[in-house]
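[1] no sequence on hand, only this structure:
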RNA sequence: CGGGGCGUGGCGCAGCUUGGUAGCGCACCUGCUUUGGGAGCAGGGGGUCGUUGGUUCGAAUCCAAUCGCCCCGACCA
């Protein structure tokens, strides 16, 4: 492809609103244009990247027996009422919805469980038709609270979603395991470094779920991994062995101490330097919201640990959870924020305790009185120890649950999420089949999402340097950058043209920078910015039939015969395929 | 939702405090020279200063409203 015939522009400076490298580089190279917050035009170069990612996705889904379909972006409210998600998604504000001219409410699909379940339930009667495996590549719409990081969290984005429908929980688990392999092959083939982690299933619902994280410092998700044991989990879900509490002190009567203004653990540590953080228990007050009621929940947690709100909301089976505001804290604890405690807390307040408080005695806690804390509090003597459960956040350096490894906290970009949904949607939407015994059974579902546009951004986040992007060969917009330094020079014209022709004949994507009247420096800068993995430069050695060969990822460049450069490009692209 | 910031040629910014009709760099156009890491010289084009209203003889500048965009936070006691 001749660059001189393309719409191709680059910017010398980062756009002012780009916060992360992938966004800045994609925008500078003209791959991306922002139309509104979280809404982007995918330029021709980016479209090629997306097409390559999609091609890999299609191949891997096809070989796992998945059929592609295309579902509508516009969906009727009624369908979402059936699954019970309309209320939740509209109250969270994440759903783009509107009324049509007749006044019927419709939404732009943020996901397609309802539509696919409806499609399948109308066709499935018998166990003999199962399993069913479907997927699509579609634009999804989510009115995110805060779109950011360019393609990373947009309000409109491209997603591949797949669904499995099985006759039993075991068969569903098999479909799920197959898809796990599909995802590993997809991301490997895309040339990305990634980690599969256990995950919370969130709003989609369901049992087992795993996320695929592209390793990147700038990732929005924190994950806990253990290299020794292979354990990996999203921080929301991660579990660990909590370091043992310090020695129990002498038994002294519980007593009040004045602690003016000591609202945080840091303040208290300053006030009581001899008291270890592990013997301070914080009492965090939350406002929880269920479908039918609201309530305040207090969670007891060791001073050096933190409450994991996702574990808490799951345990409570609540719809929404937020830290109690000052007013609520005053009403429930009778004190300013920072002084709530488990002793003498209102009867109507549900008190839970994180496992970290287990075995802690003679501790400090809030006295439910402003500027006062209780010291030397003992479970069993001064209050009953509430039932403890894991409501905590794991920390760097914690041991794994079995104690045979150490957790490390890293970051990643979530590009894929697979779920075993079970019968949640099939039951609420009445998607049943008849089994061998004439019994009516709900379908066992799995759903498998993969962010296509986000994967492209993640690839840049993982592959770039100070000069620009560095695309992995399998998903690069073009494989080879052919730079002709002096278009119009006879020897260069004919050599570049023959290289271009031979590479295209070999089925290799080549972008020939034949733009006239451009200085060599500008050409090199643009090539570095765009980041095509293989580079062939046709320059001063053209009369001898020689060119410069180099890799965008680094290493020295070499002057070789044109035929040798072509052979190397062909070899590199073949290696990618295997 | 709360707080903060910003809207000035395609992009990045200055000008605003102290009102007098807009400027710089990049990009763009023309010509000549130049061609291995963002070339030089000369000439040139392009902006109702987000929008609306107000104050004023006069508003990019002051005031108000509104729209848009960005960041931070959403209280871990």
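    Cool, got the structure. Fair warning: this is a prediction, and the values are worked out from it, not measured in the lab.

[2] what sits against the closest residue to RNA strand B within chain A?
    Here the residue of chain A nearest RNA strand B is residue A:539; by CB to the nearest atom of the strand that distance is 2.1 Å. In short, each C-beta sits where N, CA and C put it, glycine included. Residues near residue A:539 by CB atoms under 8 Å, 6 or more residues apart in numbering: A:483, A:484, A:485, A:486, A:492, A:520, A:547, A:548.

[3] considering the residues you listed, which possesses the most neighbours?
    By neighbour count, taken as other CB atoms under 10 Å, the most surrounded of these turns out to be residue A:484 (31 neighbours).

[4] report pLDDT for that one.
    Looking at residue A:484, its pLDDT stands at 97.

[5] for residue A:202, same thing?
    Taken from the predicted model, the pLDDT recorded for residue A:202 is 60.

[6] secondary structure element for the most centrally placed residue in chain A?
    Per CA atoms, centre = their mean, the C-alpha nearest to the average position across chain A is that of residue A:414, at 2.0 Å. With secondary structure defined by DSSP states H and E, residue A:414 is part of strand A:408-422.

[7] what lies in contact with the next helix or strand after that strand?
    Read in the C-terminal direction, the helix or strand following strand A:408-422 is helix A:424-428, with elements assigned using DSSP H and E. Contacting residues not belonging to helix A:424-428 are listed as A:82-84, A:113-114, A:117, A:121, A:165, A:205-206, A:431-432, A:442-445 [CB under 8 Å, 6+ apart].

[8] if we use 7 Å, what do you get?
    A:82, A:83, A:84, A:113, A:117, A:205, A:206, A:442, A:443, A:445 (CB atoms under 7 Å, 6 or more residues apart in numbering).

[9] residue A:485 and residue A:520 touch, don't they?
    Yes: counting by CB atoms under 7 Å, a contact exists between residue A:485 and residue A:520, whose distance comes to 4.7 Å.

[10] gap between stretch A:49-59 and the chain center?
    In terms of CA atoms, centre = their mean, to the nearest Å, the centre of stretch A:49-59 is set 19 Å apart from its chain centre.

[11] tell me which residues are up against stretch A:525-535.
    Contact with stretch A:525-535 is made by A:10, A:25, A:28-29, A:467-471, A:473, A:476, A:478-481, A:483, A:511, A:513, A:550-553, A:569, A:572, as judged by CB under 7 Å, 6+ apart.

[12] which of those residues are buried? Put it as a ChimeraX command.
    Here is the ChimeraX selection string for the buried members of the contacts of stretch A:525-535, based on 16 or more other CB atoms under 10 Å:
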select /A:25,28,29,468,469,470,471,473,476,478,479,480,481,483,511,513,550,552,569,572
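
[13] now the angle from the helix or strand harbouring residue A:448 to strand A:408-422?
    According to DSSP H and E, residue A:448 maps onto strand A:444-451. Angle of strand A:444-451 versus strand A:408-422, following axes from the mean of the first three to the mean of the last three CA atoms, to 10 degrees, is 140 degrees.

[14] so which bits of the helix or strand following strand A:444-451 are buried?
    For strand A:444-451, the following helix or strand on the C-terminal side (DSSP H and E) is helix A:452-462. The neighbour-count criterion (16+ other CB under 10 Å) identifies A:452, A:453, A:454, A:455, A:456, A:457, A:458, A:459, A:460, A:461, A:462 as the buried residues of helix A:452-462.

[15] could you check the pLDDT of the fourth one?
    Meaning residue A:455. Note on residue A:455: pLDDT of 96.

[16] can you list the contacts of residue A:539 in JSON lines and add secondary structure and distance to residue A:340?
    Putting the contacts of residue A:539 into JSON lines (DSSP: H, G, I helix; E, B strand; the rest coil; distance: CB to CB, whole Å) gives the following:
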{"residue": "A:483", "secondary structure": "strand", "distance to residue A:340": "66"}
{"residue": "A:484", "secondary structure": "strand", "distance to residue A:340": "71"}
{"residue": "A:485", "secondary structure": "coil", "distance to residue A:340": "71"}
{"residue": "A:486", "secondary structure": "coil", "distance to residue A:340": "75"}
{"residue": "A:492", "secondary structure": "helix", "distance to residue A:340": "76"}
{"residue": "A:520", "secondary structure": "helix", "distance to residue A:340": "68"}
{"residue": "A:547", "secondary structure": "strand", "distance to residue A:340": "72"}
{"residue": "A:548", "secondary structure": "strand", "distance to residue A:340": "69"}
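
[17] restrict those to contacts with RNA strand B.
    Cross-checking the contacts of residue A:539 against RNA strand B (CB under 7 Å from any atom of the strand) gives A:485, A:486, A:520, A:548 as the overlapping residues.

[18] how about those, which pair is most distant?
    Within these, two members stand farthest from each other by CB to CB: A:486 and A:548, at 13.6 Å.

[19] still on that earlier bit, in helices only, show me the contacts of stretch A:525-535.
    Among the contacts of stretch A:525-535, the subset assigned to helices under DSSP state H consists of A:25, A:28, A:569, A:572.

[20] what comes up buried for stretch A:246-264?
    Of the residues in stretch A:246-264, those scored as buried under the neighbour-count criterion (16+ other CB under 10 Å) are A:254, A:257, A:259, A:262.

[21] phi, psi of the last one?
    The phi/psi pair for residue A:262 (degrees, to the nearest 10) reads phi -80, psi 90.

[22] ok, now how distant is it from residue A:270?
    Separation of residue A:262 from residue A:270 (CB to CB, to the nearest Å): 8 Å.

[23] so what sits against both of those two?
    None of the residues lies in contact with both residue A:262 and residue A:270 under the rule CB under 7 Å, 6+ apart.

[24] what about chain A, any weak spots by pLDDT?
    Low-confidence regions of chain A, defined here as pLDDT under 70, cover residues A:201-207, A:578.

[25] just the helices in it please.
    Chain-ordered helices for chain A, with DSSP H as the definition, fall at A:21-28, A:44-63, A:77-83, A:86-91, A:113-121, A:169-189, A:265-271, A:309-316, A:326-333, A:424-428, A:452-462, A:490-505, A:520-530, A:562-577.

[26] among those, which is the most enclosed?
    For those, ranked by mean neighbour count under the definition mean count of other CB atoms under 10 Å, the leader is helix A:452-462 at a mean of 26.

[27] wait, does that one contact RNA strand B?
    No: legend: contact between helix A:452-462 and RNA strand B by CB under 7 Å from any atom of the strand is lacking; minimum distance shown is 13.4 Å.

[28] ok, the closest residue to residue A:269 other than its chain neighbours - contacts?
    Taking CB to CB, 6 or more residues apart in numbering as the measure, residue A:269 lies nearest to residue A:277, with 6.2 Å between them; neighbours along the chain are not counted. Contacts were defined as CB under 7 Å, 6+ apart; by that measure residue A:277 touches A:265, A:269, A:303, A:304.

[29] run a quick neighbour tally on the closest residue to the third one other than its chain neighbours.
    Computed as CB to CB, 6+ apart, the closest residue to residue A:303 that is not its neighbour in sequence is residue A:280, at 3.6 Å. For residue A:280, the neighbour count with other CB under 10 Å is 21.

[30] and the helices of chain A: which comes nearest residue A:375?
    Within these, the stretch nearest residue A:375 is helix A:265-271; the backing value is 10.2 Å (CB to CB).

[31] any residue of the closest one touching RNA strand B?
    Yes: judged by CB under 7 Å from any atom of the strand, helix A:265-271 comes into contact with RNA strand B at A:265, A:266, A:267, A:268.

[32] what does the stretch 401-550 of chain A have sitting close to RNA strand B?
    Residues of the stretch 401-550 of chain A that fall close to RNA strand B, judged by CB under 7 Å from any atom of the strand: A:467, A:485-486, A:488, A:517-522, A:524-529, A:537-541, A:548.

[33] quick one, domains of chain A?
    According to the domain assignment given by automatic domain parsing, chain A is divided into the following structural domains: A:16-216+A:410-460, A:255-389, A:478-577.

[34] okay if I get those domains as TSV plus distance to residue A:397?
    As requested, those are exported to TSV (distance: least, CB to CB, whole Å):
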stretch	distance to residue A:397
domain A:16-216+A:410-460	13
domain A:255-389	11
domain A:478-577	34
